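Please work out how this folds:
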Amino acid sequence: MFTGRWDNLQAYPYIKKNLKHIIQQALKVIEEQTEPGNVVLQPDDVWIEMKHVNTDPADGRMFEIHKQFIDVHVLLAGEEYMGFAHDELVVEDLSLVEHDVYFGSSREGRYVLMKPGELAVFFPGEVHKPQCHLGEASVSLRKAVIKIRQSILQQEQ
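Predicted structure coming up:
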């Protein structure tokens, strides 16, 4: 897991160049895209899910992992608590397995407050829980999730 500011990716030299390049390409599209929906950058390998959603109570959402895809959550408006855990996910729900989403629970769970201009990167197998609020009130979000098939990063130079 990695969190940082998306307008300052150059300050993070430990992110692989090819991953950084894909994120930068996607950010250009995100800046122009205001409507919800998917934008395909590379068929089957890279796309952007533009979302206008409300947060849910953290205890009402399940943790998730992906086995093939990197998730890059880009917050554009609103605030969300992003849950994460360092232990393994106990998979309990396979309803979206065809979309490489495995839901379940974790013994541990921590949260970081995400604000506009920030991003969170989750690599395959990293446990996370997006779109949460910890207080009583739901928050309206505008965000993008860049989905990147991990195997294409190994193909690129």
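
Could you use CA atoms for every contact and neighbour count after this?
Noted.

how about the least confident helix or strand in the chain by mean pLDDT: buried residues?
Across the helices and strands of the chain, mean confidence by mean pLDDT, DSSP states H and E is lowest for helix 150-155: a mean of 87. Within helix 150-155, the residues scored as buried using 16 or more other C-alpha atoms under 10 Å are Gln150.

Tell me how far it lies from the chain's centre.
On the basis of C-alpha atoms, centre = their mean, to the nearest Å, helix 150-155 is displaced by 18 Å from the centre of the chain it belongs to.

Please save the CA atoms from it in PDB.
C-alpha atoms of helix 150-155 as PDB (Å, rounded to 0.1, in the frame of the first residue of the first chain):
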ATOM      1  CA  GLN A 150      -0.200  -6.200 -12.700                       C
ATOM      2  CA  SER A 151       1.200  -8.500 -15.400                       C
ATOM      3  CA  ILE A 152       1.500  -5.600 -17.900                       C
ATOM      4  CA  LEU A 153       4.000  -3.900 -15.700                       C
ATOM      5  CA  GLN A 154       6.300  -6.900 -16.100                       C
ATOM      6  CA  GLN A 155       6.000  -6.700 -19.900                       C
END
